[in-house]
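> I'd like to go over a predicted model; first the sequence, then the structure.
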Amino acid sequence: MSARCRDRDGRTLFAMCGRYVEVSSPQDLAPLFHASVAYESAEGWRPSWNIAPTTNVLGVATERSGERVIHEFRWGLVPSWAKDLSGGARAFNARAESVASKPTFRSAFRSKRLILPADLFYEWSHIPAEHKQPYAFRRSDGQPLAFAGLYEWWRDRSLGDKAPWLASCTLITTAAGPDMDGIHDRQPVVLEPETWGLWLDRKVTDEHELQGLLVPSPAGTLNKHRVGKAVGNAQNDGPELIEEPAS
């Protein structure tokens, strides 16, 4: 069982990857991903050391024009056919093994894929002697993480044709790679730069080709260190959360 966490609204979550860090600005990320920055992302973004589901996160997606753009997305995917937003609070992770077939995600998997940049992610240990001990994971080469994700557009049809559109997203998880070292049996899908183009290409629809990217990270991709248990409360947010405890 994963650790118990709470989202920004205080709802209890049992999550694989339900916390991460986003302190690299859209302007910093744009040249890395060869993307432009949408207005709302440039104006509204703030760094966070404890991002939780139902809050806004940055995502890199390809427009119909072929241009890559960094937008803000509500973390917790709401499919276009949903009656309301409630399901999004639970759909913040999608399993690689079922993402192509599960009704909530299968449409987005075909044509609405994105990359979720992150600086670190948190995971809680499954080792009995380390009950509820959180760890922070980052790329060993110091570069930002690029999580495989999906997005969708939704609006409340009961409000009519003028109802505003909501962009939401989910993060895809897969079996744990060797760098998780027994801490957890799953991990976010971390895409390498040479795969970004394929994942973001809206014209690519071959399920087997795409599934081939949703694999555990090779040994040496990630470094980890212990962090304090304050990260379990999404109301806590500051650079001290990523520091290793003194004892």
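Looks like it arrived, so ask away. Nothing here was measured: the structure is a model prediction, and the numbers come from that model.
> ok, and the helix or strand in the protein with the lowest average confidence?
In the chain, no helix or strand scores lower on mean pLDDT, DSSP states H and E than strand 12-14, which sits at a mean of 40.
> where does this protein have low pLDDT?
Residue ranges of the chain with pLDDT under 70: 1-16, 247.
> hmm, back to that, name every strand pairing with the helix or strand just after the least confident helix or strand of the chain and say which way it goes.
Downstream of strand 12-14, the next assigned helix or strand under DSSP states H and E is strand 20-22. Using DSSP bridges, the strands paired with strand 20-22 are strand 48-51 (antiparallel), strand 120-124 (antiparallel).
> looking at the ones you listed, which is buried most?
Among those, strand 120-124 has the highest mean neighbour count (mean count of other CB atoms under 10 Å), at a mean of 25. (Glycine included, C-beta is placed from N, CA and C.)
> which SSE is immediately downstream of that one?
Per DSSP H and E, the helix or strand that comes after strand 120-124 is strand 134-139.
> specify the angle between that next one and strand 120-124 in degrees.
Angle, strand 134-139 to strand 120-124, by axes from the mean of the first three to the mean of the last three CA atoms, to 10 degrees: 150 degrees.
> quick check: which helices or strands does strand 134-139 pack against?
strand 120-124, strand 222-226 (3 or more CB pairs under 8 Å, 6 or more residues apart in numbering; DSSP states H and E).
> dump these to a markdown table, plus distance to residue 205.
Formatted as a markdown table, the helices and strands packed on strand 134-139 follow (distance: least, CB to CB, whole Å):
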| stretch | distance to residue 205 |
| --- | --- |
| strand 120-124 | 29 |
| strand 222-226 | 30 |
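> which residues in this structure form helices?
Per DSSP state H, the chain carries helices over the ranges 26-33, 39-44, 106-111, 193-200, 207-211.
> for residue 231, find the nearest of those helices.
helix 26-33 (22.7 Å; CB to CB).
> first vs last residue of stretch 65-81, how far apart are they?
Distance across stretch 65-81, first residue to last, is 25 Å (CA to CA, to the nearest Å).
> same thing with stretch 18-35?
With CA to CA as the measure, stretch 18-35 spans 26 Å from end to end.
> return the set of buried residues in it.
Buried residues in stretch 18-35, counted by 16 or more other CB atoms under 10 Å: 18-26, 29-30, 33, 35.
> ok, so of those, who is nearest residue 160?
Nearest to residue 160 among these, with distances taken as CB to CB, is residue 26, at 32.2 Å.
> ok, the nearest residue to residue 106 once chain neighbours are set aside to residue 234 distance?
Spatial nearest neighbour of residue 106, chain neighbours left out: residue 100 (5.8 Å); criterion: CB to CB, 6 or more residues apart in numbering. Residue 100 sits 30 Å away from residue 234, going by CB to CB, to the nearest Å.
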